[in-house]
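A.B. asks: Sequence and predicted structure, then a few things I'm wondering about:
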Amino acid sequence: DAGVIQSPRHEVTEMGQEVTLRCKPISGHDYLFWYRQTMMRGLELLIYFNNNVPIDDSGMPEDRFSAKMPNASFSTLKIQPSEPRDSAVYFCASSLSTASTGPQHFGDGTRLSIL
Amino acid sequence: EDKVVQSPLSLVVHEGDTVTLNCSYEVTNFRSLLWYKQEKKAPTFLFMLTSSGIEKKSGRLSSILDKKELFSILNITATQTGDSAVYLCAVPFSGNTGKLIFGQGTTLQVKP
């Protein structure tokens, strides 16, 4: 079975540019999560969706970040304008149920570098 | 405030050694604890624990939960270089949400 698929794998861009990260969750999973991982702060939840509806975006750093899930098989995380401090690995994860009853499955991540 | 703390933060051992990784937590409404292994890419799921005292085992890895003392341990016996990774512990936030809070991770290096 295909796991969570993220694209691109790597992104290098200059500050001020718009960045769009993409995620295809595991088919049938109704929860989708976006995380950011840095050495300083570890793995942080940015936002999560249930049945394509954003449930909690309290982890989104600021208005420059936005996420959408137009259908059950696709989500995007957008940063506009990007800044060097946004450099991190961004992971998407999906799960069949809530965190208390089943594990989240992670994609391989997008390594983002903002110059 | 919900919190997950792992120790040690890093560990260097030699092949064949046994290691124990610790995860302590504070959540208002505990439901489960999860262990993940992260090599170069995505965290991969290892165990999910919900009941105290019941050991979960997969090959050389095992884990157990103590809900009274609010911690879990992950044991790896007869370590191999392929066990080198960051091991992450996570618990769901209080409240009926899908959110996980992760510990800082333990970086394990196994030397030949």
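C.D. replies: That came in fine, so what should we check first?
A.B. asks: Quick check: residues of chain B near chain A?
C.D. replies: Residues of chain B lying near chain A by Cβ under 8 Å from any Cβ of the partner chain: B:31-32, B:34, B:41-45, B:48, B:88, B:90, B:92-93, B:96-105. All C-beta atoms are positioned from the backbone trio N, CA, C, and that covers glycine.
A.B. asks: which of these count as buried?
C.D. replies: Listed as buried from the residues of chain B next to chain A are B:32, B:34, B:42-43, B:45, B:48, B:88, B:90, B:92-93, B:97-105; burial here means 16 or more other Cβ atoms under 10 Å in any protein chain shown.
A.B. asks: List the contacts of the lowest-mean-pLDDT helix or strand in chain B.
C.D. replies: Using mean pLDDT, DSSP states H and E, strand B:100-102 stands out as the lowest-scoring helix or strand of chain B, at a mean of 89. Strand B:100-102 is contacted from outside by A:33, A:42-45, A:99, A:104, B:2-4, B:27, B:34, B:88-93, using Cβ atoms under 8 Å, 6 or more residues apart in numbering or on different chains.
A.B. asks: List the neighbouring strands of it plus their orientation.
C.D. replies: strand B:85-92 (antiparallel) (DSSP bridges).
A.B. asks: Check the average confidence over the partner strand, would you?
C.D. replies: On average, the pLDDT along strand B:85-92 is 94.
A.B. asks: cool, stretch B:47-55 as well?
C.D. replies: 90.
A.B. asks: Quick check: buried residues in that stretch?
C.D. replies: So, applying 16+ other Cβ under 10 Å, buried residues of stretch B:47-55: B:47-49.
A.B. asks: between these, which is nearest chain A?
C.D. replies: residue B:48 (5.7 Å; Cβ to the nearest Cβ).
A.B. asks: which non-adjacent residue is nearest that closest one?
C.D. replies: Distances taken as Cβ to Cβ, 6 or more residues apart in numbering or on different chains put residue B:34 closest to residue B:48, at 5.0 Å, once the chain neighbours are dropped.
A.B. asks: quick check: angle from whichever strand or helix holds that neighbour to strand B:85-92?
C.D. replies: Per DSSP states H and E: residue B:34 is located in strand B:33-38. Angle between the axes of strand B:33-38 and strand B:85-92 is 150 degrees (criterion: axes from the mean of the first three to the mean of the last three Cα atoms, to 10 degrees).
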